[in-house]
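Visitor: Curious how this folds, go ahead:
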Amino acid sequence: MLHWPQNLKRFGSLEDFAMSDDRRGLGRGLDDLMAQNEMDLPFLSAYGPASDAEEDISQAKIPPEEIFDAVVRHLRSLGCKIDSVENRKLTVQGLIVVTDEEGVQLIFENETRLPFVPSDLASPGLSEGHIDKDGCRACVMIQAWGIEARRCLSRFIEHVNINDDE
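Guide: Got it, this is the predicted structure:
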């Protein structure tokens, strides 16, 4: 049984007080919510794509040159000193970054085991991920710049910084 307030003047009309299904947003799916919010929802990436379509709403498909520029900006924000970038290729702290037609290739090398597992290199926006048997070398292609690509780079740079201090 619904209990209506005694004085509806404070609450407006009866229609304002009772919310309709449309106003509450019932019946919307995950795709609708993601499209409406137009933001990265990283916790959803664990569930995989919403459909068989290759397009991912949360990952912007942009040219490799722009992805490369984003990688350089992100590396600088992490404190990496990047002196020169020649022919869309750079090397910094055991990381080689190369632009090609498909995207931006990252090659990670370190003396200690890298902080990745195969699923890290298969996240949305990343493809062709591979880790060597000893775990000291890995490569992955960034095809869409997003939170997973940033996380991958950040994890590697943090790993290198921690191990260089020891």
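Visitor: mind checking pLDDT for the closest residue to Ile62 other than its chain neighbours?
Guide: Nearest residue to Ile62 in three dimensions, chain neighbours excluded: Trp145, at 6.2 Å (CB to CB, 6 or more residues apart in numbering). Backbone N, C-alpha and C define where each C-beta goes, glycine included. What the model reports as pLDDT for Trp145 is 92.
Visitor: Bridged to Trp145, which residues?
Guide: Ala60 (DSSP bridges).
Visitor: how many neighbours does it have?
Guide: A count of neighbours around Trp145, defined by other CB atoms under 10 Å, yields 23.
Visitor: Give me the below-cutoff pLDDT ranges for this protein.
Guide: The model of the chain has pLDDT under 70 over residues 1-28, 33-61, 165-166.
Visitor: now the helices: where do they sit in it?
Guide: 14-17, 21-24, 30-37, 64-77, 147-165 (DSSP state H).
Visitor: Could you export the ones you listed to a markdown table, including columns for mean neighbour count?
Guide: What follows is those, written out as a markdown table (neighbours: other CB atoms under 10 Å):
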| stretch | mean neighbour count |
| --- | --- |
| helix 14-17 | 10 |
| helix 21-24 | 8 |
| helix 30-37 | 12 |
| helix 64-77 | 17 |
| helix 147-165 | 17 |
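Visitor: Make a markdown table from those helices and add distance to Val140 to it.
Guide: Conversion of the helices of the chain to a markdown table gives the following (distance: least, CB to CB, whole Å):
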| stretch | distance to Val140 |
| --- | --- |
| helix 14-17 | 53 |
| helix 21-24 | 42 |
| helix 30-37 | 24 |
| helix 64-77 | 12 |
| helix 147-165 | 7 |
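Visitor: looking at it, Pro64 is touching Gly103, isn't it?
Guide: Yes - the criterion here is CB atoms under 8 Å, and Pro64 meets it with Gly103 at 5.2 Å.
Visitor: Return every residue with contacts to both of the two.
Guide: By CB atoms under 8 Å, 6 or more residues apart in numbering, Pro64 and Gly103 have no common neighbours.
Visitor: residue contacts, Gly103?
Guide: Gly103 is in contact with 64, 67, 127, 141-144, counting by CB under 8 Å, 6+ apart.
Visitor: still on that earlier bit, how near is the residue nearest to Ile62 to Lys133?
Guide: In this view, Trp145 and Lys133 are 30 Å apart by CB to CB, to the nearest Å.
Visitor: what do you get for Met141?
Guide: Distance, Met141 to Lys133, using CB to CB: 20 Å.
Visitor: Those two: which is more packed in?
Guide: Shown here are Met141 and Lys133; by other CB under 10 Å, Met141 has more neighbours (20 against 6).
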